[in-house]
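K.L.:
Sequence and predicted structure, then a few things I'm wondering about:
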Amino acid sequence: MALEEVFPDYAAHAAAGFAGLCCPRRTVMIAFTPRAGSTHLCAALHQAGQLAEPNEIFNPRGPARQESQRRKVSLFSDYIASFAAGPDETFIFKTCWQDVAPLAPALTRLFPDLHVVYLTRRNDAAQAVSAFKAEVNGQWHRRQGDAPARPLTEADFSMQRILTIHGLHIMDRRGWAGWFAAQGISPLRLVYEDFEEDVNIALRVLVPALGLKLHQEVPPGTGYEKLADRLSLDWTQKLLGRLLNLS
């Protein structure tokens, strides 16, 4: 699915290089690779005082359509313009490389006051396993107190699919690195493992560095539960062994 299926005028704007579209408001883009804690971080930003919880505004697989409906717009031009209005001093959104790549050459024109946070994960093998597990059982996130999804077993394991996901994540990281270099952007970098146990560690970095008027502390338990378990660790070790053999 692509944004052309969400906005009837998207293809025409893309062909014109998105000329004439602009959100002049101060903007923070959280650039991420999948399963690097972006949902957990954005929930914490909302809890810290960001009235509009950051969303994947360019994700055509549901979020973009939902966001356009919430904003009561149907055209891509109106969608971009709507970001300039809102309850917060700074507009914050998040995106993975896959979704934003078609707009990447125009991003700094669409958002002329753009600040970038790059969210990554140190253990890319665990990251791929996490994405695979979510793909299989359908539980990408679990809020505090939510019921767990169907537990996975060894029978669900697929090394080939996990290797494919790992390769896609590598492509995402290369895409972001290339865009940062082309645009001369040095993003503020956050690593999932540094705040997975306490999201306040990320807020203490993010809020003052970007001049956000938000709390730097949120209550313990804010956000989402970790989904990793013993099986995650076992499958991560299997993947690491395979990657070592491939190298």
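P.N.:
That came through, no problem. Numbering: from 1, shown residues only.
K.L.:
avg pLDDT for the lengthiest helix in the chain?
P.N.:
With secondary structure taken from DSSP state H, the chain has its longest helix at helix 159-183. Taken as a whole, helix 159-183 has a mean pLDDT of 96.
K.L.:
again, but for stretch 209-220
P.N.:
Across stretch 209-220, the average pLDDT comes to 91.
K.L.:
Flag every buried residue along that stretch.
P.N.:
210, 212, 214, 218 (16 or more other CB atoms under 10 Å). Glycine gets a C-beta too; all of them are placed from N, C-alpha and C.
K.L.:
With distance to Gly86 added, can I get those residues in TSV?
P.N.:
Shown next, in TSV, are the buried residues of stretch 209-220 (distance: CB to CB, whole Å):
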residue	distance to Gly86
Leu210	16
Leu212	14
Leu214	15
Val218	21
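K.L.:
how about the helix or strand of the chain with the lowest mean pLDDT: buried residues?
P.N.:
Least confident helix or strand of the chain, by mean pLDDT, DSSP states H and E, is helix 230-246 with a mean of 88. For helix 230-246, burial by neighbour count (16+ other CB under 10 Å) applies to 231-232, 235-236, 239, 242.
K.L.:
before we move on, what about stretch 119-127?
P.N.:
Neighbour-count burial for stretch 119-127, counted by 16+ other CB under 10 Å, picks out 119-121, 124-127.
K.L.:
Do you have the strands of this protein handy? List them.
P.N.:
In the chain, the strands defined using DSSP state E lie at 27-32, 91-96, 114-120, 188-191.
K.L.:
which one of those lies closest to His13?
P.N.:
Nearest to His13, of all the strands of the chain, is strand 91-96, at 17.3 Å by CB to CB.
K.L.:
Taking helix 159-183 as reference, get the angle to that closest one.
P.N.:
Strand 91-96 and helix 159-183 meet at an angle of 130 degrees, taking axes from the mean of the first three to the mean of the last three CA atoms, to 10 degrees as the criterion.
K.L.:
what's the angle from strand 91-96 to strand 114-120?
P.N.:
Going by the same axes, to 10 degrees, strand 91-96 makes 40 degrees with strand 114-120.
K.L.:
just the buried residues of stretch 209-220 now: which is nearest Ala104?
P.N.:
Using CB to CB, the buried residues of stretch 209-220 come closest to Ala104 at Leu210, 21.1 Å.
K.L.:
Where does the prediction get shaky in the chain?
P.N.:
The chain contains residues with pLDDT under 70 at 139-149, 221-225, 227-228, 247.
K.L.:
could you redo the last one with a cut-off of 50?
P.N.:
Low-confidence segments of the chain, defined by pLDDT under 50: none present.
K.L.:
And Ile185, how far from Ala155?
P.N.:
Taking CB to CB, to the nearest Å as the measure, Ile185 falls 44 Å from Ala155.
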